[in-house]
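Student: make a model of this:
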Amino acid sequence: MTTPQTPRTIVDVIASPGFGGFFFDDQAAIKAGARRDGAAYDGTTLTPGYTAVREPAESVSIQLVLDDGYIASGDCASVQYSGVGGREPRFHATDLAETIETHLGPLLHGLEVTSFRAAAEKAEAAINSIEGLGRAAAYGISQALLDAAAHSAGHHIMARVIKDEWQLADDLAPVPVYAQTGEDRYDNVDKMILKQVPVIPHGLINTPDLVGPGGRVLAVYVSWIKDRVKQLSSAPSYLPVIHLDVYGMVGAESGGTIYGTADILQRLERAAGPHQLRIEHPIHAGNGDEQICMMSALRSELRSRGSRVQLIADEWANTAEDIHAFAVAGATDLIQIKTPDLGSIHHTVDAILDCHAHGIGPVLGGTCAETDRSARTTTHIGIATGVTQMLAKPGMGVDEGLMIVTNEMNRALRLDAHFKATREQQ
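Tutor: Okay, the predicted model is just below:
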């Protein structure tokens, strides 16, 4: 199982448009004051590529027909807040599918899938040569190539392909799953507690009113989570990590100051009590270099105060090179590796291993706007590389994403253990 046994070649590439798990949202317009109107937003778009502040998330399903008739698949996807923070603009699925079939398909015809990484690099080079394609296309194609490589290897555990090709020594292992509430910040927390999710709740803290003056409103929410865990959990040992994505709103409430932001984070830490507190994107800067400087300064300030709050980088950490810059600078405790932003998934593997090498916790993220297929594929990356936590995705309903990721993880681990036991008996 360590070496592909039967090289396969691609004989056809089929692409079809579809939905993503949630929506594409114009973040700039929302921060500028676009108002909710039911499930929609009322406001003027500010980010190029949007015709409305909220639009249905789209995807493109890739099916690679191999020479033995096997169909390997993956899904092109982009993040909810496409087009901001250095990210590529949102794509339009019908156009992307047509471009993939018409222009990319002929370039991939005859490509041999023996090594996943070698095939992914060749496919990425072809994608980069075609105008109108980008990271979303590379994301979907590379998932299908990993599927094809697992088939070529004579098994179907994509995580094992990653272990073998990157020569990672440890066995496949489960990792903590992290769920997100969306805007249903109370009932969805209850779901997480009842199902004993290890890392909760994300919270979607994306407007100033959710933070409140001095962070007091957010501190009340954190206290409520702490109390709700005590009330609902049937297991005394259940002590989930509290992870909040605050979209720079804590820093905005403090006027952009490091000291003021640290004050609010310590208020939240006190409210969290015994729970480990992780804060994603606590303060926002205008570019990557400034973001690294601000996060470094905030982390140093917190440590000087004896705080155990862990910071998570998100914005401006969009590529393997960006992630390396954050890691080398020691600017953060963890980095969210937002898988669609990195394009071909071999970059995600490299970025995770880079984080490990620099003592930074990798958060295998992604987006509510991707698909069940992309979620299952990236789950294999998480269990192969031993990430600190990985996102339950897609969607914002908790149940579906948690089911998809957890079940795929458990299937892969059980199958790998079964194969190992079978080999030992032979």
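
Student: what residue ranges in the protein score low on pLDDT?
Tutor: 1-5 (pLDDT under 70).

Student: any idea how far the longest helix seen in the chain is from the chain center?
Tutor: Of all segments of type helix in the chain, defined using DSSP state H, the longest is helix 399-425. How far helix 399-425 lies from its chain's middle: 21 Å, per C-alpha atoms, centre = their mean, to the nearest Å.

Student: same deal with stretch 374-385?
Tutor: Worked out by C-alpha atoms, centre = their mean, stretch 374-385 lies 10 Å from the chain centre.

Student: now do the buried residues in that stretch.
Tutor: Residues Ser374, Ala375, Arg376, Thr377, Thr378, Thr379, His380, Ile381, Gly382, Ile383, Ala384, Thr385 are the ones in stretch 374-385 that count as buried (16 or more other C-beta atoms under 10 Å). No exception for glycine: its C-beta is placed from N, CA and C like everyone else's.

Student: filter those down to the ones in strands?
Tutor: Judged by DSSP state E, strands contain none of the buried residues of stretch 374-385.

Student: need those in TSV (columns: distance to His109).
Tutor: Converted to TSV, the buried residues of stretch 374-385 look like this (distance: C-beta to C-beta, whole Å):
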residue	distance to His109
Ser374	24
Ala375	28
Arg376	26
Thr377	23
Thr378	27
Thr379	30
His380	26
Ile381	27
Gly382	32
Ile383	32
Ala384	29
Thr385	31
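
Student: just the helices in the stretch 151-300 of the chain please.
Tutor: Secondary structure of the stretch 151-300 of the chain by DSSP state H, counting those that start in this stretch: the helices cover 158-165, 187-194, 216-232, 249-253, 258-272, 288-304.

Student: what is the last one packed up against?
Tutor: Counting by 3 or more C-beta pairs under 8 Å, 6 or more residues apart in numbering; DSSP states H and E, the packing neighbours recorded for helix 288-304 are helix 258-272, strand 310-313, helix 320-329.

Student: which of these sits closest to Thr367?
Tutor: Closest of the helices and strands packed on helix 288-304 to Thr367 is strand 310-313, at 15.2 Å (criterion: C-beta to C-beta).

Student: just how off-centre is that closest one within its chain?
Tutor: Distance, centroid of strand 310-313 to centroid of chain: 14 Å (C-alpha atoms, centre = their mean).

Student: stretch 211-224 too?
Tutor: 26 Å.

Student: same question for stretch 217-225.
Tutor: 25 Å.

Student: and it, what's buried?
Tutor: Those would be Leu218, Ala219, Tyr221, Val222, Ile225, for stretch 217-225 by 16+ other C-beta under 10 Å.

Student: same question, stretch 328-335
Tutor: In stretch 328-335, counting by 16+ other C-beta under 10 Å, buried: Ala329, Ala331, Thr332, Asp333, Leu334, Ile335.

Student: what bridges to the closest residue in space to the third one that isn't next to it in sequence?
Tutor: What sits nearest to Thr332 in space, not counting adjacent residues and going by C-beta to C-beta, 6 or more residues apart in numbering, is Ala313, at 4.2 Å. In this structure, Ala313 bridges to Ile335 when assessed by DSSP bridges.

Student: neighbours of Gln266, how many?
Tutor: For Gln266, the neighbour count with other C-beta atoms under 10 Å is 18.

Student: so it makes contact with Arg305?
Tutor: Yes: using C-beta atoms under 8 Å, Gln266 makes contact with Arg305 at a distance of 6.7 Å.

Student: residues contacting the residue nearest to Thr332?
Tutor: Neighbouring residues of Ala313 by C-beta atoms under 8 Å, 6 or more residues apart in numbering: His281, Gln291, Met295, Phe326, Ala331, Thr332, Leu334, Ile335, Gln336.

Student: next, format the helices and strands packed on helix 288-304 as a markdown table and append distance to Gly18.
Tutor: Formatted as a markdown table, these follow (distance: least, C-beta to C-beta, whole Å):
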| stretch | distance to Gly18 |
| --- | --- |
| helix 258-272 | 39 |
| strand 310-313 | 30 |
| helix 320-329 | 27 |
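
Student: please identify the most buried of the ones you listed.
Tutor: Ranked by mean neighbour count under mean count of other C-beta atoms under 10 Å, the helices and strands packed on helix 288-304 are led by strand 310-313, which reaches a mean of 24.

Student: then that strand to CSV, C-alphas only?
Tutor: Output in CSV follows, covering the C-alpha atoms of strand 310-313 (Å, rounded to 0.1, in the frame of the first residue of the first chain):
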residue,chain,number,x,y,z
GLN,A,310,-4.3,31.8,21.7
LEU,A,311,-4.4,33.9,18.5
ILE,A,312,-5.3,32.5,15.1
ALA,A,313,-4.2,34.2,11.9
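
Student: hmm, who's touching stretch 251-258?
Tutor: Contacts of stretch 251-258 (C-beta under 8 Å, 6+ apart): 208, 211-215, 260-261, 263-264, 282-284, 294, 297-298, 301.

Student: just the buried residues of those.
Tutor: 211-212, 215, 260-261, 263-264, 282-284, 294, 297-298, 301.

Student: out of those, who's nearest Phe419?
Tutor: Looking across the buried ones among the contacts of stretch 251-258 and measuring by C-beta to C-beta, the closest to Phe419 is Pro282, at 43.4 Å.

Student: right, and the closest one touches Ala297 too?
Tutor: No: with contact defined as C-beta under 8 Å, Pro282 does not reach Ala297; the gap is 11.4 Å.

Student: the domain parsing of the protein - what is it?
Tutor: 8-157, 177-425 (automatic domain parsing).
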